[in-house]
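J.: only geometry, no sequence info:
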C-alpha cells in the first residue's frame, strides 16, 4: 500500500466535512487552582511565626552531638539483653492475636448492622454508625491509658484498647464493602421469603467473608505494632520494657527491641499477604 | 399433573415430595408510581390461570419488570390489588408476606447468586421461608431441605456441580442454579424477569426449555418477561404485551403475528427483536 492510498481518505475527510469540534470543556477548572492555592495558604499559615507550629530547625544543628550519640548506641544492639525480651514479645503477640479474634467476633454482626444493604432499619443503622464513629475517633493509646486506670496495669487493658480500635476500623471498612457490593443476591433471598437475618446469613455473609478476613489480617498487623507501644501507659507487652530501658537511657537495648519488632512485623506481613492471596 | 418425571440427566428417582397446587394470579387496576414520578404500571388488570406459561413482552421501560415484582411484593403498588393464589399481596406485611414469597420462586436477568457461596448453599436459599431462623443462622439445614435442594439441582442437570462455587460457573449454568433455587422453594408460581437476556442464543434456549419443563412437568404457573418475540412465541402459552405501563395485547402466544409485536412495541420489528438460534 502506498502512502498516497493512506493519505487520501484523510484528505477527503478534511475536505468533505468540517473539522470535528469537541463539546465545550465542562466548567470547574478553577477547582484545581483553588486546591493548590489552599495547600499553599495552609503551608504558609503553619509556618508563620506566632500562630504556626514552632519548628526550630536550628535545634538540629545545635544538638547534633546528642543525636549522634543516640544513633551510635542504637547501631550497637545489646544482644545479651535478648532473653529478657522474649516474654514481653510473646505477650505482645498474644495481646494482638486475642484482640484480633475478639474484634472479629464483635465486628461481623456489627458490620451487617452498619451497612445500608443489609440493615434497612435507618435508626438502628444510624445508632451503630454513630457509636462507632465515636469509638474510632479516640486513639488507641488514649483508650489504653483510661483502661489502665479502670482495670489495672497489665495485658487486659491493652487487649480491650486494641479491640475497641479494631472494631472501629473493621466495621467501617467491611460495611463500606457491603454497601459497594451487588445487591442482586440479597434481592433473590428476600424474594424467596427470607427475614433480613436469614438474607444476611445465607447470602451476604458468604460473599463478605474474603473481604472480612482481609481486614482482620490487616488489623492483626496494626495490633502487633500498636501493642508494642501500649505498654508505655502500662497496658502490657513490649511497651513496659521499652519504657524501662528508655528511662535508663539504654539505647543499645532499645535497639534490640526495635529490631525484634521489625522482624515480627516483617514476618507477619509476609504471612498475611500470602494468606490474602489465597482469599481472593 | 405427573410428578415423578425424569430430570435432564435421567438420574432422578421419583420424588416423594407432593407438588402443591399451582396458583392463579389476579391483578385489578394496578398502578405503580415510583417516588421520582415515573408511572411504571398504569391500570393493569389481568387474570392468569393456574399452570399457564405466560410470556410478558414489551420494550425496556414498558413496566414488565415492575409488574412481575408486584406479584411477590418486591415493588409495592400505588393503587389496585394483586392477588396470588387467593392471597392479597398488596395487604400482606411481615410474616404473611414472607410466607407468600416462600411459595413464589423468582429468577432474575443477572442470576443473583451469592458468588462466593457453593451451588448447594445458593439452592438452599430457596428453603429460607420454610426453615426456622436459627437453622439458617447455623447453616444446620434439615436432611429433608437438603433432599429438596438435591432434587431441584438434579432437575436442571446441575447436581454434579453442587460443591462448586457459584461464581465459577458459566452464565447458563448460573441461571440453571437460580432455577434450582426457585424450585427448592417448591413454588406454586415462578416469576422470571428477563431470564435469558444475559445469555447467548443456544444457552438461552436451554434455560427457556428448563423453564418450560418446570411449567409442563410440575404444572407450576410461570410468568416470564421477555423482549424477544421468537422466544415469547415459542415458549409462552399466552402472550401479554405491555406498552407504557398498559396491557396492549393479551392472547395466545403461538399465533401472535409480527403485526401484534409491532403494536406492542409501537414500532416496526427489527432484526435484534429476534434471538434466532
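T.: Now that the structure is in, tell me what you want to look at. These figures come from a predicted structure and were not determined experimentally.
J.: name the residues of the stretch 151-280 of chain A found near chain B, please.
T.: A:182, A:184-185, A:187-195, A:197-199, A:201-204, A:206-207, A:209-210 (Cβ under 8 Å from any Cβ of the partner chain). From N, CA and C alone the C-beta is placed, and that goes for glycine too.
J.: for residue A:261, what are its contacts?
T.: A:224-225, A:228, A:238 (Cβ atoms under 8 Å, 6 or more residues apart in numbering or on different chains).
J.: in PyMOL, select just the buried ones from the residues of the stretch 151-280 of chain A next to chain B.
T.: Entered in PyMOL, the line below selects the buried ones among those, by 16 or more other Cβ atoms under 10 Å in any protein chain shown:
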select buried, chain A and resi 184+185+187+188+189+190+191+192+193+194+195+197+198+199+201+202+203+204+206+207
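J.: re earlier: just the contacts of residue A:261 now: which is nearest residue A:20?
T.: Nearest to residue A:20 among those, counting by Cβ to Cβ, is residue A:225 at 55.6 Å.
J.: quick check: mean pLDDT across stretch A:75-84?
T.: Stretch A:75-84 comes out with an average pLDDT of 83.
J.: helices of the chain, residue ranges please.
T.: Picking chain A for this. Secondary structure of chain A (DSSP state H): helices at A:3-16, A:30-47, A:58-62, A:64-74, A:82-114, A:122-137, A:140-151, A:155-180, A:184-191, A:196-199, A:205-230, A:238-247, A:251-279.
J.: chain B was what I was after
T.: Using DSSP H, helices in chain B cover B:64-70, B:94-102, B:119-124, B:133-138, B:143-155, B:171-184, B:201-218, B:229-235, B:258-265.
J.: give me the low-pLDDT residue ranges for the chain?
T.: As the question left the chain open, I've gone with chain A. A:1-15, A:52, A:280 (pLDDT under 70).
J.: hmm, no, I was thinking of chain B.
T.: For chain B, residues meeting the criterion pLDDT under 70 lie at B:1-19, B:277.
J.: kindly report the residues of it close to chain A.
T.: Residues of chain B lying close to chain A by Cβ under 8 Å from any Cβ are B:72, B:74, B:98-106, B:108, B:110-117, B:121, B:124-126, B:128-129, B:131, B:133, B:136-137, B:139, B:178, B:181-182, B:185.
J.: if we use 7 Å, what do you get?
T.: Within chain B, the residues that sit near chain A (Cβ under 7 Å from any Cβ of the partner chain) are B:72, B:74, B:98-99, B:101-102, B:106, B:108, B:110, B:112-117, B:121, B:125-126, B:128-129, B:133, B:136-137, B:185.
J.: just the closest residue of the stretch 151-277 of chain B to chain A, please.
T.: Proximity of the stretch 151-277 of chain B to chain A (Cβ to the nearest Cβ) peaks at residue B:185, 5.9 Å away.
J.: what sits against that residue?
T.: For residue B:185, the contacting residues are A:192, B:102, B:105, B:126, B:129, by Cβ atoms under 7 Å, 6 or more residues apart in numbering or on different chains.
J.: okay, among those residues, which ones form the most distant pair?
T.: B:105 and B:129, at 10.7 Å, using Cβ to Cβ across the contacts of residue B:185.
J.: show me which of the two is the more surrounded one.
T.: With neighbours defined as other Cβ atoms under 10 Å in any protein chain shown, residue B:105 and residue B:129 compare such that residue B:105 has more, 30 against 22.
J.: for that one, give its distance to residue A:174.
T.: 31 Å (Cβ to Cβ, to the nearest Å).
J.: from residue B:226, how far out is the residue lying closest to residue B:201 once chain neighbours are set aside?
T.: Counting by Cβ to Cβ, 6 or more residues apart in numbering or on different chains, residue B:201 lies nearest to residue B:275, which is 5.3 Å off, once chain neighbours are set aside. For residue B:275, the distance to residue B:226 equals 9 Å [Cβ to Cβ].
J.: so between these two, which is more surrounded?
T.: Set residue B:275 next to residue B:226 and count neighbours by other Cβ under 10 Å: residue B:226 wins out with 27 against 22.
J.: which residue packs closest to the more buried one, ignoring adjacent ones?
T.: Take residue B:226 and drop its neighbours on the chain: the residue closest to it by Cβ to Cβ, 6+ apart is residue B:232, 4.8 Å away.
J.: and that neighbour, how far from residue B:266?
T.: Going from residue B:232 to residue B:266 by Cβ to Cβ gives 16 Å.
J.: which one of those two is surrounded by more residues?
T.: Each of residue B:232 and residue B:266 has its neighbours counted (other Cβ under 10 Å); residue B:232 has more, 27 against 12.
J.: tell me the contacts of the more buried one?
T.: Residue B:232 makes contact with B:55, B:57, B:226, B:239, B:253, according to Cβ under 7 Å, 6+ apart.
J.: ok, the spatially closest residue to residue A:251 that is not a sequence neighbour to chain B distance?
T.: The spatially closest residue to residue A:251, leaving aside those adjacent along the chain, is residue A:73, at 3.5 Å (Cβ to Cβ, 6+ apart). From residue A:73 across to chain B, the span is 52 Å (Cβ to the nearest Cβ, to the nearest Å).
J.: next, give phi and psi for the closest residue to residue B:176 other than its chain neighbours.
T.: Closest residue to residue B:176 apart from its sequence neighbours, by Cβ to Cβ, 6+ apart: residue B:156 at 4.2 Å. Here is the backbone geometry of residue B:156 (degrees, to the nearest 10): phi -100, psi 10.
J.: find the closest residue to chain B in the stretch 151-280 of chain A.
T.: Scanning the stretch 151-280 of chain A for the residue nearest chain B gives residue A:193, at 2.9 Å (criterion: Cβ to the nearest Cβ).
J.: show me the contacts for that residue.
T.: Contact analysis of residue A:193 by Cβ under 7 Å, 6+ apart lists B:98-99, B:101-102, B:128-129.
J.: give me the buried stretch members for stretch A:272-280, please.
T.: Those would be residue A:272, for stretch A:272-280 by 16+ other Cβ under 10 Å.
J.: got a list of contacts for it?
T.: Contacts for stretch A:272-280 (Cβ under 7 Å, 6+ apart): A:210, A:213-214, A:217, A:220-221.
J.: what subset of those residues is buried?
T.: Buried, going by 16+ other Cβ under 10 Å: A:213-214, A:217, A:220-221, out of those.
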